[in-house]
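Student: structure of the sequence below:
(2 chains)
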Protein chains: 2
Amino acid sequence: MIYMDNAATTYPKPKAVADAIYHQILYMPGNAGRGTHPAALSAGNLLQETREALAKLFNISQSERIAFTMNITQALNVALLGYLKPGDHVISTDMEHNALARPLELLRKTGVQWSRISAGHGFDLDQLRRTIRPNTRMVCMLHASNVTGDIFPITEIGAICQEYDVRFLVDTAQSAGFVDIDVQRDHIDLLAFTGHKGLLGPQGVGGLYLRPGLILQPVITGGTGSFSESLEQPWFMPDLLESGTMNLPGIAGLKAALEFLRQTGKENLLQQERKHFQQLWEGLKEIPGVVLYGSGNVEQMTPVISFTIGQTNSLEIADYLEEKSHIFCRAGLHCAGLAHTAIGTFQTGTCRLSPGYFTRSEEIERVIQTVEQAAQKFK
Amino acid sequence: MIYMDNAATTYPKPKAVADAIYHQILYMPGNAGRGTHPAALSAGNLLQETREALAKLFNISQSERIAFTMNITQALNVALLGYLKPGDHVISTDMEHNALARPLELLRKTGVQWSRISAGHGFDLDQLRRTIRPNTRMVCMLHASNVTGDIFPITEIGAICQEYDVRFLVDTAQSAGFVDIDVQRDHIDLLAFTGHKGLLGPQGVGGLYLRPGLILQPVITGGTGSFSESLEQPWFMPDLLESGTMNLPGIAGLKAALEFLRQTGKENLLQQERKHFQQLWEGLKEIPGVVLYGSGNVEQMTPVISFTIGQTNSLEIADYLEEKSHIFCRAGLHCAGLAHTAIGTFQTGTCRLSPGYFTRSEEIERVIQTVEQAAQKFK
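Tutor: Next up, the predicted model:
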C-alpha cells in the first residue's frame, strides 16, 4: 500500500499514540470530573495536560478556553450555532468544506445572511473588506483547502476582522500541525481543530478554542461534573461546551501525538512536508494531460495535490491507481461541492494525493509513474 | 484500589478492548465513507459490524438506524432538540440525570412544556396516564437511576406510550449491558446508549437509535461522505446524524466489548451483577446509622447502591473510604440534582458504591467493613 490519503486521516500514527491509548484503557480507571478519588483526578489531569499542550501549539494564553469535541465538524457547529442569530451577516470563502457549509446553509434558512468570498484562485483581501457590512458578526473559513491544498492568509484576514470588530473563526482541519498558527498574532477568536490529521492523533477527538471573554449559547448541554444541583449549564469554560463523558482514550492518544510533534520540531515537520510536496508537484506537472489545482507555491500550500485528466471521472482514475500500484487516495468531491464549483471540477471531481510525514520518497516516485500511466490510458 | 465507581465508567475493561483499539490505530488506515480504497472501505465495515452487534443487543431490526455520537449526552440532546418544538409537551421522571434534564430545561425556556413524574420511590403508571395531554409528544426518561440503582418499568411505560401515540425515548446509560432491553417489546422509538459503562467499552462512544420512519431535525450537520455536492444534510440514517469523522478507534473498542459480552452471555452477567448487589446490600443494611436508597429488590435494581450516614456530607464519607481502604466511589449529587431532591438527599448528597462485573467478593466484604467503621466514626 502507498498511503496517499493523509488529508482524510493521517497514517501511520506514531506508535506512542497507540501505546498511550492502550495504557489509558488498561490502567487508568475513573472518569474526569466525576468523583474525587485519585483515578478521577488523574483523568482530570489528562484533560488538563492535553489542553496545555494544545495551548502551547496555538499560542493560547488560557488553556481552559479549549473544549474537546468528537471531531472538528462538531466544533464548527458549536461555534456557528452558538454565536450567529437571525439577522446576522456571516462571511466565508467559496472553498468551504461541508463541515462549515452545511451548518451555514441551515443558519441561512433561519435568517442569517451568508456571503462567500471567491478563493479558488487566491484570496482577495479587498473583496473581504468590501463584503463586510454593519451587521457582519463573523468571518468563518478554512485555513487550508482540503481540495487544492492552498493556504489562505489568515494573519491578514484576522487583522481585517479586528479592524472591523468582527469575530474570526478558523477551521484548521487541514492546517494544524502543518502550518504555524498563533491565535494572538492571527487575531483568531474561535479556532476549531481536529486531532487525527496533521496533529497525528487518533480519530474521535477535536475541539474548539474560544477567546477569553467570548461566550456561546451551548448547543449540547448536560452533566458536566460541576454545579450538579443546577438545571442550567455552567457558563465557564470548558464546562460550558463539555457535556457528558469525554473521549479519555482518544485524548490520551492526542496528548502523545502532540508530544511526538513537539519532539520532532516544527522545522523538521515543515521541511519534510515541503520536500514531499515539491517532489510530487514537480513530477506531476510535467505529465501531459494532467491538470493540477492550487497555486503550486510551496510556501502557500499544504501537501495536498488535486489533479484531473481531461473529462475522466476522478473515481475511475483513483481505481486505476489502486489497481495498478496499490495507491490509496481520495477521488470525488471530498465533502466540498462548493470548492469544486469554485475551481471548475464539479463534474469530474478531482483525484487527491496527500502524502504525510512518514511517506517515503520512493513512494512518491511510484505515484508519479503511475499517474503518468493513467494519463496515457485516459488521454 | 477497590474500584466501586463502575456507574461512572466501568473498570477494568476487557483486554480485548485495548487490543482492538491498538490494532485499529496501528494497522487500520483510512477514514470511513471518505474514499473508495480498501482502507476506507474496511473502516466503513468496522462501523457497520459494530452497528449490527448493537442491533442484536437491543433487538433493532435495521442497524443503519443507529448513529454514533461521542457520548450518551450528545445522543439525548440530538433526540430532544431534534424532535421537540415550542408548544409540545414532554414527560420525564423527577429522577433524571442532567444529561436529559439540562437540555429539557433549555427547551422549556423556548416554550416546550415539561412535566415530571415522581419516581424516587417507584414509578406510578397511573400518574403517567394522568399526565399525558393532547399535545404530549414524548416521554423521555432514564431506564435505571444512576443514584439509587432503581430500574423503571419501561416495558409497561412503552406500552402506554404506544397506546397514546407518544414517542418514547429511553436513556440506557445505567442499564444497557445490565438489563435486557428490546426496542420492539418495549416500544422504544428512540434509544440512547453509551459504550463505556455496562457495555464495557471505552469512553468516547455513544449513540442514538431512531425507529424506522422517524426523522429528526439534525443538530450537528456537516460532511457525511455522501451527497458531497449538496449543502443539505442527507435525510437518511445514519448519515442524517453522523457528521464528520467518527471515533473509529473507540468504535473498534466497543465492537470488541460487545463481542466479550456476547461470549460471556447475558445470564452470566446478570448472575454476577445480582450476586454483587445482594452481598453489598445485605451487608450494608445491617449497619446501624447507614441509610440505603432504592427499592432493595434485587430484580429491579442495577448494582448501584447509594447510602448516607446521618447528616454527614457524602464527600467526607467518600474521603474516609478512600483513605482507610483505598475504595474509589463517587459522592455528591452525581450530576443529578433532581434525583437527590426526589429522594431527599439534596443537602448531603449520597455516597455511591457501584461494583462491576470484575469485582471480587473479598472486595465487597472489605467495603462493608469500611462502611461499618465510617458509621462508627460519623454517627
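
Student: what residues are up against A:S145?
Tutor: Taking Cβ atoms under 8 Å, 6 or more residues apart in numbering or on different chains, we find A:S145 in contact with A:95, A:119, A:152, A:174, A:294, A:304, A:336, A:339. Quick note: C-beta positions are derived from backbone N, CA and C, even for glycine.

Student: now swap in A:I181 and tell me
Tutor: Going by Cβ under 8 Å, 6+ apart, A:I181 touches A:57-59, A:143, A:154, A:170, A:172, A:175, A:188, A:191.

Student: same check on A:Y22?
Tutor: So A:Y22 contacts B:18, B:21-22 (Cβ under 8 Å, 6+ apart).

Student: next, A:C351: phi, psi?
Tutor: A:C351 adopts backbone torsions of phi -100, psi 120, taken as degrees, to the nearest 10.

Student: show me what it bridges to in the sheet.
Tutor: Beta-bridge partners of A:C351, counted by DSSP bridges, are A:F307, A:A331.

Student: so A:S42 touches A:N31, yeah?
Tutor: No. The pair A:S42 / A:N31 is not scored as a contact, 10.8 Å apart, by Cβ atoms under 8 Å.

Student: so between those two, which is more surrounded?
Tutor: Of the pair A:S42 and A:N31, A:N31 is the one with more neighbours under other Cβ atoms under 10 Å in any protein chain shown, namely 23 against 13.

Student: look up how far A:S230 lies from the more buried one.
Tutor: 20 Å (Cβ to Cβ, to the nearest Å).

Student: tell me which residues of stretch A:299-307 are tucked away?
Tutor: Within stretch A:299-307, the residues that count as buried by 16 or more other Cβ atoms under 10 Å in any protein chain shown are A:300-307.

Student: tell me which helix or strand the residue of the stretch 251-379 of chain A found nearest chain B sits in.
Tutor: Nearest residue of the stretch 251-379 of chain A to chain B: A:C335, at 3.2 Å (Cβ to the nearest Cβ). Assigned by DSSP states H and E, A:C335 falls within no helix or strand.

Student: in terms of pLDDT, where does it sit?
Tutor: We have a pLDDT of 94 for A:C335.

Student: OK, contacts around it?
Tutor: Here A:C335 is in contact with A:97-99, A:146, B:34, B:222-225, B:228 (Cβ under 8 Å, 6+ apart).

Student: can I get those in a markdown table with secondary structure, pLDDT and distance to A:P212?
Tutor: Output for the contacts of A:C335, formatted as a markdown table (DSSP: H, G, I helix; E, B strand; the rest coil; pLDDT from 0 to 100; distance: Cβ to Cβ, whole Å):
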| residue | secondary structure | pLDDT | distance to A:P212 |
| --- | --- | --- | --- |
| A:H97 | coil | 97 | 28 |
| A:N98 | helix | 97 | 30 |
| A:A99 | helix | 98 | 25 |
| A:N146 | coil | 97 | 30 |
| B:R34 | strand | 79 | 35 |
| B:G222 | coil | 97 | 27 |
| B:G223 | coil | 95 | 30 |
| B:T224 | coil | 94 | 34 |
| B:G225 | coil | 90 | 36 |
| B:S228 | coil | 90 | 36 |
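
Student: out of those, which is nearest to A:I91?
Tutor: Ranked by distance to A:I91 (Cβ to Cβ), these are led by A:H97 at 16.0 Å.

Student: and the nearest residue to A:K379 once chain neighbours are set aside, how many neighbours?
Tutor: Spatial nearest neighbour of A:K379, chain neighbours left out: A:G289 (4.8 Å); criterion: Cβ to Cβ, 6 or more residues apart in numbering or on different chains. A count of nearby residues for A:G289, using other Cβ under 10 Å, gives 16.

Student: same check, this time on A:K15
Tutor: Applying other Cβ under 10 Å, we find 13 other residues in the vicinity of A:K15.

Student: mind checking how far A:I188 is from B:Y3?
Tutor: From A:I188 over to B:Y3 the distance is 42 Å, taken as Cβ to Cβ.

Student: check A:L315 too.
Tutor: 51 Å.

Student: hang on, the earlier thing: of the contacts of A:S145, which belong to helices?
Tutor: Those of these mapping onto helices are A:A339, per DSSP state H.

Student: most neighbours among the contacts of A:S145, which one is it?
Tutor: In terms of neighbours by other Cβ under 10 Å, these top out with A:A339 at 31 neighbours.

Student: and the closest residue to chain B within the stretch 51-200 of chain A, how many neighbours?
Tutor: Relative to chain B, the nearest point of the stretch 51-200 of chain A is A:T73 (2.8 Å; Cβ to the nearest Cβ). Using other Cβ under 10 Å, A:T73 has 30 other residues around it.

Student: that one is in what secondary structure piece?
Tutor: Taking DSSP H and E as the criterion, A:T73 maps to helix A:72-83.

Student: what about the very next helix or strand once past that helix, near chain B?
Tutor: Remark: after helix A:72-83, the chain's next helix or strand is strand A:89-93, criterion DSSP H and E. No. Remark: strand A:89-93 sits outside contact range of chain B, by Cβ under 8 Å from any Cβ of the partner chain, the gap being at least 11.7 Å.

Student: pLDDT averaged over strand A:89-93 - what is it?
Tutor: Mean per-residue pLDDT for strand A:89-93: 98.

Student: quick check, A:Q184 in contact with A:N59.
Tutor: Yes. The criterion here is Cβ under 8 Å, and A:Q184 meets it with A:N59 at 5.4 Å.

Student: and A:G158, that one's in a strand?
Tutor: No. Counting by DSSP: H, G, I helix; E, B strand; the rest coil, A:G158 is not found in a strand; it is helix.

Student: how close does it get to A:H187?
Tutor: Distance, A:G158 to A:H187, using Cβ to Cβ: 3 Å.

Student: hey, what's in contact with both of these two?
Tutor: A:F168.

Student: which SS state does the residue of chain A most remote from its centre fall under?
Tutor: Centroid-distance maximum for chain A: A:E229 at 36.8 Å, with Cα atoms, centre = their mean. Going by three-state DSSP, the secondary structure assigned to A:E229 is coil.

Student: show the pLDDT at it.
Tutor: 92.

Student: counting neighbours, what do you get for the residue nearest to A:T264 when sequence neighbours are not counted?
Tutor: Counting by Cβ to Cβ, 6+ apart, the nearest residue to A:T264 once its immediate chain neighbours are dropped is A:Y357, at 7.9 Å. With neighbours defined by other Cβ under 10 Å, the count for A:Y357 comes to 21.

Student: how far off centre is stretch A:224-235?
Tutor: Distance of stretch A:224-235 from the chain centroid (Cα atoms, centre = their mean, to the nearest Å) equals 31 Å.

Student: and it, which residues are buried?
Tutor: Going by neighbour count (16+ other Cβ under 10 Å), the buried part of stretch A:224-235 is A:224-225, A:227-228, A:231, A:233-234.

Student: how far off centre is stretch A:106-113?
Tutor: 24 Å.

Student: could you do stretch A:80-95 as well?
Tutor: Relative to the chain's own centre, stretch A:80-95 is displaced by 18 Å; criterion: Cα atoms, centre = their mean.

Student: buried set for that stretch?
Tutor: The neighbour-count check on stretch A:80-95 (16+ other Cβ under 10 Å) flags A:80-84, A:88-95 as buried.

Student: just the CA atoms of it, as PDB, please.
Tutor: Only the C-alpha atoms of stretch A:80-95 are listed here, as PDB (Å, rounded to 0.1, in the frame of the first residue of the first chain):
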ATOM      1  CA  LEU A  80     -21.600  28.800  14.400                       C
ATOM      2  CA  LEU A  81     -24.900  27.800  16.000                       C
ATOM      3  CA  GLY A  82     -23.800  29.200  19.300                       C
ATOM      4  CA  TYR A  83     -22.800  32.600  18.000                       C
ATOM      5  CA  LEU A  84     -24.900  33.600  15.000                       C
ATOM      6  CA  LYS A  85     -28.500  34.800  15.200                       C
ATOM      7  CA  PRO A  86     -31.200  35.600  12.600                       C
ATOM      8  CA  GLY A  87     -30.300  39.000  11.000                       C
ATOM      9  CA  ASP A  88     -26.600  38.500  11.500                       C
ATOM     10  CA  HIS A  89     -24.300  38.500   8.400                       C
ATOM     11  CA  VAL A  90     -21.500  36.000   8.100                       C
ATOM     12  CA  ILE A  91     -18.700  35.700   5.600                       C
ATOM     13  CA  SER A  92     -16.900  32.500   4.400                       C
ATOM     14  CA  THR A  93     -15.000  31.600   1.300                       C
ATOM     15  CA  ASP A  94     -16.400  29.700  -1.600                       C
ATOM     16  CA  MET A  95     -13.900  26.900  -0.900                       C
END
